[in-house]
Each structure stands twice: as structure tokens, then as C-alpha cells.
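A.B. asks: Need coordinates for the following:
(one chain, ligands or ions: 1)
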Amino acid sequence: MKRNIDFPGGWIPDEEEACPARQEEDVSGMVRNGMELRRLNRNRIFRAVYESGRVSQQELAFRLGLSLPTIAQNLRILCEEGLLKEDGSFASTGGRPARGVSCIRDARLAVGLDVTRGHVSAVLTDLSGEIVRGIRRAVPFSDTEAYYRELGEIARKVIGETPPERLLGAGVSFPGILAAEGGIRSSHVLGLGARQEEDFTRFLPCRAMLCNDASAAGRAELWGREGENSAVYLSLSNSVGGAILLGGSLYEGENLRAAEFGHMTLVPDGLPCYCGKKGCLDAYCAAGILSNGYGGSLDAFFTALDRGEKAASSRWDAYLRSLAVAVNSLHMAFDCPVILGGYVGAYMVPYMERLRAMASALDTFGGDGSYLQPCLYRREASAVGAALLFIEPFMESI
Ligand SMILES: [Zn+2]
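C.D. replies: All right, here's what the predicted structure looks like:
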């Protein structure tokens, strides 16, 4: 599980308690006052416990370069706030055994809803982004009060008995483009024009926020990866989209339309795209390119492929050729991992080596294609990413 350590260059000195108002310089080179330093230290201690699972005060002091009294004081506060708990003791080689501390991961929870044309998925996640409870219901989208009421009902069901003070909020991911001034600009998949955020969220029982589905999935994928701060996420679902994550943040573009990879021109004057243009990547790499003719089922397509059926093999070859060109272009542009997600991404693991070899053959710099990674979440990446809209800021605020 990836967690940002705010100060990769070293540790923050802990003398601030003696002189709270003093301006100090920490190792990141930024001048911070004592109050902020104390909060940052508390945050680092919380994150260190969170990442460790279970750890002793001594280990924390050693690892973070903070004094034992500073560690003890912060642990006491974090325990009082219900975020950490004492957790047994570690065997000692002499003297008193060291007491352990661990994180209460469900101290706060968040809801993620993913709206698609045919389904609604809802997850309740804890502070580590683990799904505590999930629901997937076949509910065809309709722009009606009855539909939005059902969204609210699904959210209430997944929230269950969670006390309101532990619930951070609900993120709602949808397949479409947000408007810079707030709300929705449009959704081709849902057949929607401009809408207010409130239209979607008015029946949800907590505060809520909308997000693009591929951006949410990319956020979840990066969150789940140790030590990676930047990645391009390519979503291969009923439409092709993606997310650009740079330095741990989503790059959204001036019009919130960054990472619309589906409409990069792959073949000039090529196959028609639903957007009205020709030759877009979407026309070559959307999931339907594989599942059409197999009852719309990717499972059926990959079963046929694994059986060695000729029609499926040649369709897959053409698909991979297009995909290799697209991922090579993304890698040339961004020089970072490219994660393959969406409906097709969930099936990619057995075919990664072949795709890597095809991408490698196109690589100007002779790379081996190891920048290509299959997605971690086979399902519900968008719903988890929507919940992270509330988890991430909370983790930063501790
Ligand atoms: Zn297009």
C-alpha cells in the first residue's frame, strides 16, 4: 500500500516543543512554524504506524528520528482521538517489553459509488482503502428522480450502521466530463448534457462529491502501489479513457479533459469513433471491439481466445497491435509506469509479456516494456477511487 512520506529527504527535528512560535526550517527546506511542525510530526507518526501495521514506540523513534517523549505524547493524542490503539507488547532482549501500537483503520470510513450505464456499485472503505462492504446492483441509468433516489438508497445500504461521526463522505464516479465551474459538462455514455452536481447527490445521506470514473480508478491504482508517485492509467472499458497522476496528484488539464486517451488519433481517416471523428484509439481498443459477437461478454471472448479459436486470435492480435502503439506513445510522452485498467485491463495478466514485447519493439530507447503494469483492482477501482476523495484529505489532515 502506497503512502506518501512527506519528507523523503530525512526527518524533522522535534525541538519545537520548547519554542512553539519559533520559525524553523525542516529538512524539506521549507520554513514552518512550531504549530505546523507539531501537526506534521503527528501526521508522520500516524502514517508510520499505519504503514507498519503494528510497531513499538522505540521503533517509531528510531525510524522517524524523533525523541521518545515526542512519540509518546503524539501517540497519546492519536489514541485519544480514536485513530490508534495500544496493541500488545514486543518481546524484549532485556528490560521492560516494548509496548506495541497499531492503527484503527475503520476509525473513519468513506463511501464510493460508481455509476455506469447499466449498474451502480457502492463500496464502504476504511482508511487504507480496503473495502469493508460492497454492493453491485443492476440499475440502468436514467436521468430521473427515481434513479437518484435509488442511488441514495444504495448508499444508505452500504453505510449500514456506521455512526455519522465516522463517515467522511461519499464520492460518486461517473463516465463523463466535469465542468470547470462545477457539476457535469456532459456524459456521452449516460446520454447526459450539463447537470448540477446536486442532481446526482441530492438524495445521498452525507456530503458528496462527483468525479470522473477513469480518474477515480487511476487514483485507486496509484494509492495501492508502494513507492510510486506518478503513473498513467489507461482505462479500457466500454469507452477508452484514463488518468494522469503526477507526483501523487491528478493532472486534470485546463478544461478537466486531460487523459481523454480514447480520442488520440491512432489511424488518420481510420474507423469511425462515437465522438464523430475517425481513427480515434477508442474505435480500436474499447472493450466492445473484443466482446461484440460474443454476446457483449469479455468472458466469452477470452474463453474463445484461450480455446485457440481463430477468429478470436486474429481479433486479439489486431487489438494488441493497436494497444502497443498507444502505450508506447503514452510512455514516450510521460516516461512513467502505464497501468492497464478498465474491463479489458482486468483480463490482461496472462498477456502482459506478449504486449510488453510488442511495445518494446516500438520503443525508441530500447526498453523492455516493463513500464507496463496490469491493474491491481479487477473490479470496483472507480468506486474505491471515489471513496478516496474523502480518505486522502482526511489522512493529510491528521
Ligand atoms: Zn473519438
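A.B. asks: then the helix or strand hosting residue 216 to CSV, C-alphas only?
C.D. replies: Residue 216 is located in helix 213-223, with elements delineated by DSSP states H and E. This file holds the C-alpha atoms of helix 213-223, laid out as CSV (Å, rounded to 0.1, in the frame of the first residue of the first chain):
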residue,chain,number,x,y,z
ASP,A,213,-14.6,7.3,-13.4
ALA,A,214,-11.2,6.8,-15.0
SER,A,215,-9.6,9.5,-12.8
ALA,A,216,-11.1,7.7,-9.8
ALA,A,217,-9.8,4.3,-10.9
GLY,A,218,-6.3,5.8,-11.6
ARG,A,219,-6.3,7.3,-8.1
ALA,A,220,-7.1,3.9,-6.6
GLU,A,221,-4.4,2.2,-8.6
LEU,A,222,-1.7,4.6,-7.5
TRP,A,223,-2.9,4.5,-3.9
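A.B. asks: From the contact counts, what lies against it?
C.D. replies: Applying 3 or more C-beta pairs under 8 Å, 6 or more residues apart in numbering; DSSP states H and E, we find helix 213-223 packed against strand 109-115, strand 167-174, strand 231-236, strand 240-246, strand 249-251, strand 338-341, helix 381-397. Glycine gets a C-beta too; all of them are placed from N, C-alpha and C.
A.B. asks: does residue 226 count as helix, strand or coil?
C.D. replies: Classification of residue 226 using DSSP: H, G, I helix; E, B strand; the rest coil returns coil.
A.B. asks: hmm, back to that, determine how far the helix holding residue 216 lies from the middle of the whole chain.
C.D. replies: Here helix 213-223 is found 3 Å from its chain centre; the criterion is C-alpha atoms, centre = their mean, to the nearest Å.
A.B. asks: Taking strand 231-236 as reference, get the angle to that helix.
C.D. replies: On the basis of axes from the mean of the first three to the mean of the last three C-alpha atoms, to 10 degrees, helix 213-223 is oriented at 130 degrees to strand 231-236.
A.B. asks: Could you pick out the residues of this protein near the ion for me?
C.D. replies: Contacts of the chain with the ion, taken as C-beta under 5 Å from the ion, map to 263, 273, 275, 277, 280.
A.B. asks: List the contacts of the third one.
C.D. replies: Neighbouring residues of residue 275 by C-beta atoms under 8 Å, 6 or more residues apart in numbering: 188, 263, 282.
A.B. asks: thinking again about what came up before, out of the residues of the chain next to the ion, which end up buried?
C.D. replies: Buried members of the residues of the chain next to the ion, scored by 16 or more other C-beta atoms under 10 Å, are 263, 273, 280.
A.B. asks: residue nearest the centroid of the chain?
C.D. replies: residue 220 (1.5 Å; C-alpha atoms, centre = their mean).
A.B. asks: what's that one in contact with, if anything?
C.D. replies: With C-beta under 8 Å, 6+ apart, residue 220 has these contacts: 129, 377, 381-382, 384-385, 388.
A.B. asks: What is the nearest of the residues you listed to residue 244?
C.D. replies: The closest of the contacts of residue 220 to residue 244 turns out to be residue 385 (C-beta to C-beta; 14.0 Å).
A.B. asks: Which residue, other than its chain neighbours, is closest to the closest one?
C.D. replies: residue 216 (3.0 Å; C-beta to C-beta, 6 or more residues apart in numbering).
A.B. asks: go on, residue 215?
C.D. replies: Closest to residue 215 by C-beta to C-beta, 6+ apart is residue 243, at 4.5 Å.
A.B. asks: again with residue 187
C.D. replies: residue 176 (2.8 Å).
A.B. asks: okay, the residue in the stretch 1-150 of the chain that the ion sits nearest to: pLDDT?
C.D. replies: As assessed by C-beta to the ion, the ion sits closest to residue 117 within the stretch 1-150 of the chain, at 17.7 Å. Predicted confidence (pLDDT) at residue 117: the value is 90.
A.B. asks: Which residues are in contact with it?
C.D. replies: Shown in contact with residue 117 (C-beta under 8 Å, 6+ apart): 140-141, 175, 189-190, 238.
A.B. asks: please redo it, this time with the cut-off set to 10 Å
C.D. replies: Residue 117 is in contact with 140-141, 175, 187, 189-191, 238, counting by C-beta atoms under 10 Å, 6 or more residues apart in numbering.
A.B. asks: Repeat that for residue 297.
C.D. replies: Residue 297 touches 290-291, 303, counting by C-beta under 10 Å, 6+ apart.
A.B. asks: so how far is residue 271 from it?
C.D. replies: For residue 297, the distance to residue 271 equals 22 Å [C-beta to C-beta, to the nearest Å].
A.B. asks: before we move on, what about residue 95?
C.D. replies: As judged by C-beta to C-beta, residue 95 and residue 271 stand 73 Å apart.
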